[in-house]
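> Need coordinates for the below:
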Amino acid sequence: MQNLNDFELLTELSSIYSQQAIADKISHPREVINRWLKERSRQQDESWLTYSERITLEKMLPAPSDRKHEFTFIDLFAGIGGIRHGFESVGGKCLFTSEYDKYAVKTYQANYYSDHKIHGDIKEITQPDGMTTKKAYHFIQQSIPDHDVLLAGFPCQPFSIAGVSKKNSLGKAHGFECDTQGTLFFDVARIIDAKRPLAIMLENVKNLKSHDKGKTFKVIMKALDELNYDVIDGDYDVKGADPKIINGKEFVPQNRERIVIVAFRRDLQVTEGFSLKNIKKYFPKTEPVVADILQPDNEVDDKYILTSNLWKYLKAYADKHKKAGNGFGFGKVTKSDRSTRTLSARYYKDGSEVLIDRGSRKRPRRLTPRECARLMGFDKSGESKFIIPVSDTQAYKQFGNSVVVPVFEAVAKLMKPYILEAKKMTRPVKISVKKSVKAIKKVTKSLKTA
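Residues are numbered from 1 along each chain as shown. Now for the predicted structure:
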């Protein structure tokens, strides 16, 4: 932050935090911060913060890591950085970030240092207006830095197979360029094709495998094969449990199954012995329980307790569906329970999927955003390190859309030795001039005597 003047520092902070939050940190009225940002825009080089105020404000921004990185990656559909968190923890460095949601970007910037601008819509790079396919690939190559690993928690969208044969017959598209058009996986595939990273790691909901009777998943696997990437556990026994489907319940007290697709470039031939089954060795020694993520009762604001009307509605709704033989209803848990239901992005509406039991004759309550951070593994038990600069509504959406962080720390640990081995395979071999001369003389001598 030493390279930012006072105006730039405040501008950076105001892109993440409210003016009131900034003002509170340095004991100024909000109007002062507002006036500084407006007036100083005309005289940006002027200093007006005291030394102590500047130090205080600088601490609101994440600092660069002093750890030496061992490989690089890009973070697509980054959300609030759950996947990035895991790969940084094992020595990775993020070179490029893309996230469309402006509120998620605030949380991302509050928690992760970036020496690059966070890009919004990835389609602006992968599908630039008015460019031919050839020019689009060149644009991707120029816009996205070279990297070792591509990470993407891409949203699942319907894949339309209809019309593929017609397009092919007209010569308009072929392979993944045709099969995946109209989906966000298409954008990921184009970047893979243009940049040829050593490895990729894709994350999605478990139902990706069964979506459209399995056709969607087959298209993705076919595309990766066409791009010459070998998917880890790609040919698992269909009668057994798929190692690619990992339940966050093993790491945090939440039932949350996700599919994890790890693949390495086929020409590198470094995947022997790699299986996601080995993630078991990173399971915590003690099974997590709901109590691990809860705040003390005296720290929880009463606003998280369900109102009488909402609690009455949820009970009536559950009774109605129970009588109809459906499984719908709220999910109430106690401190001793092993896990909750899956936290979703709609949690802000009524909190019905995860309600904390407060005892008999007491209405249950929602999780607080801080407890959601722990439930997703951004904070450990008792921690409050992860910064939440947005409203409760936005925070609930963000955590509900995110990933269980310890799962991807474990995946990153599994991948790391193979990533480093792949880097060796692509590293130019350096031969000293002295050794080269000796080798040439030896070959020349053998030819003369032959």
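
> who's in contact with the nearest residue to Ile122 once chain neighbours are set aside?
Leaving out its chain neighbours, the residue that sits closest to Ile122 by C-beta to C-beta, 6 or more residues apart in numbering is Ser98, at 4.5 Å. In this view, the C-beta of every residue, glycine as well, is placed from N, C-alpha and C. Each residue near Ser98 by C-beta atoms under 8 Å, 6 or more residues apart in numbering is listed here: 74-78, 118-122, 125.

> Now Ser98: phi and psi?
Torsion angles at Ser98 (phi, psi; degrees, to the nearest 10) stand at phi -130, psi 130.

> That one bridge partners, please.
With DSSP bridges as the criterion, Ser98 is bridged to Leu76, His119.

> what about it, distance to Leu310?
37 Å (C-beta to C-beta, to the nearest Å).

> One more: Pro145?
Counting by C-beta to C-beta, the gap from Pro145 to Leu310 is 48 Å.

> Give me the more crowded residue out of these two.
Taking neighbours as other C-beta atoms under 10 Å, Pro145 and Leu310 compare with Leu310 leading, 16 against 12.

> pLDDT averaged over the helix or strand containing that one, what's the number?
Assigned by DSSP states H and E, Leu310 falls within helix 308-323. If you average the pLDDT over helix 308-323, you get 88.

> Give me the contacts around the helix or strand just after that helix.
Sequence order places strand 332-333 as the next helix or strand after helix 308-323, per DSSP H and E. Contact partners of strand 332-333, identified using C-beta under 8 Å, 6+ apart, comprise 290, 339-340, 354-357, 364.

> Partner strands of strand 332-333 and their direction?
If you go by DSSP bridges, strand 332-333 pairs up with strand 355-356 (parallel).

> Give me the nearest residue to Ile200, chain neighbours excluded.
Here the residue nearest Ile200, using C-beta to C-beta, 6+ apart, is Leu150, at 4.5 Å.

> What's the per-residue pLDDT of the residue nearest to Val231 when sequence neighbours are not counted here?
Leaving out its chain neighbours, the residue that sits closest to Val231 by C-beta to C-beta, 6+ apart is Ala263, at 4.6 Å. On pLDDT, Ala263 comes in at 97.

> before we move on, what about Met131?
If you check Met131, the pLDDT there is 87.

> my read: it touches Ile140, true?
No. Here Met131 lies out of contact with Ile140, judged by C-beta atoms under 8 Å, at a distance of 10.1 Å.

> which ones are touching Thr97?
Thr97 makes contact with 74-75, 78, 84, 108, 114, 116, 118-119, according to C-beta under 8 Å, 6+ apart.

> For those, give me a markdown table that also has neighbour count.
Listed next are the contacts of Thr97 as a markdown table, based on neighbours: other C-beta atoms under 10 Å:
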| residue | neighbour count |
| --- | --- |
| Ile74 | 25 |
| Asp75 | 30 |
| Ala78 | 26 |
| Arg84 | 25 |
| Tyr108 | 23 |
| Ser114 | 17 |
| His116 | 11 |
| Ile118 | 16 |
| His119 | 19 |
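
> Surely the residue nearest to Ile200 is within a strand?
Yes. Under DSSP: H, G, I helix; E, B strand; the rest coil, Leu150 falls within a strand.

> Pull out the buried residues from stretch 13-23.
Buried positions in stretch 13-23, judged by neighbour count with 16 or more other C-beta atoms under 10 Å: 13-14, 16-19, 22-23.

> gap between Glu421 and Leu268?
Glu421 sits 8 Å away from Leu268, going by C-beta to C-beta.

> ok, back up a step: relative to Glu250, which of the buried residues of stretch 13-23 is nearest.
Ile16 (32.9 Å; C-beta to C-beta).

> State the three-state secondary structure for the closest one.
Criterion first, three-state DSSP; result for Ile16: coil.

> Pretty sure it sits against Pro389.
Yes. Counting by C-beta under 8 Å, Pro389 is a contact partner of Ile16 at 5.4 Å.

> okay, and the common contacts of these two?
The contact sets of Ile16 and Pro389 overlap at 106, 110 (C-beta under 8 Å, 6+ apart).

> how deep is Trp311 tucked in, by neighbour count?
Neighbour number of Trp311 under other C-beta under 10 Å is 17.

> and the gap between it and Leu367?
16 Å.

> Phi, psi for the residue lying closest to Thr126 once chain neighbours are set aside please.
Nearest non-adjacent residue to Thr126, counting by C-beta to C-beta, 6+ apart: Asp187, 4.1 Å away. Taking degrees, to the nearest 10, you get phi -70, psi -40 for the backbone angles of Asp187.

> What of Ile305?
Taking degrees, to the nearest 10 as the convention, Ile305 sits at phi -80, psi 130.

> OK, contacts around the nearest residue to it once chain neighbours are set aside?
Leaving aside its sequence neighbours, Ile305 sits nearest to Arg365 (C-beta to C-beta, 6+ apart; 4.5 Å). Applying C-beta under 8 Å, 6+ apart to Arg365 gives the contacts 300, 304-306, 351, 355-356, 358.

> For Asp6, see how far away Arg365 is.
For Arg365, the distance to Asp6 - C-beta to C-beta - is 42 Å.

> Assumed Gly96 was part of a strand.
Wrong residue type there; residue 96 is Phe, not Gly. Yes. Counting by three-state DSSP, Phe96 is found in a strand.

> show me what contacts the nearest residue to it once chain neighbours are set aside?
Spatial nearest neighbour of Phe96, excluding adjacent residues (C-beta to C-beta, 6+ apart): Ile74 at 4.1 Å. Remark: with contacts taken as C-beta under 8 Å, 6+ apart, Ile74 is in contact with 94-98, 144-145, 147, 149-151, 191, 197.

> Repeat that for Ile305.
358, 363-365.

> follow-up on the earlier one: which one of the buried residues of stretch 13-23 is nearest to Lys315?
Distance to Lys315 across those (C-beta to C-beta) is lowest for Ser18, with 37.0 Å.

> what's the burial count for Asn326?
Look at Asn326: counted by other C-beta under 10 Å, it has 10 neighbours.

> From what I see, the residue nearest to Thr126 and Glu124 are in contact.
No. Contact criterion C-beta under 8 Å: Asp187 and Glu124 do not qualify, at 10.0 Å.

> In terms of packing, which of the two has more residues around it?
Taking neighbours as other C-beta under 10 Å, Asp187 and Glu124 compare with Asp187 leading, 23 against 14.

> what does the model give that one for pLDDT?
Per-residue pLDDT puts Asp187 at 90.

> what does Asn326 give?
In this prediction, Asn326 carries a pLDDT score of 70.

> got it, and the one 10 residues further on?
The per-residue pLDDT reported for Ser336 equals 96.

> quick one: contacts for it?
289-291.

> can you count the residues close to Leu150?
Other residues near Leu150 come to 23 when the count uses other C-beta under 10 Å.

> Can you give me the domain boundaries for the chain?
For the chain, the structural domains run 6-58, 71-284+404-426, 290-396, going by automatic domain parsing.

> and the last one, how far apart are its ends?
Across domain 290-396, the straight-line distance between its terminal residues is 18 Å, by C-alpha to C-alpha, to the nearest Å.
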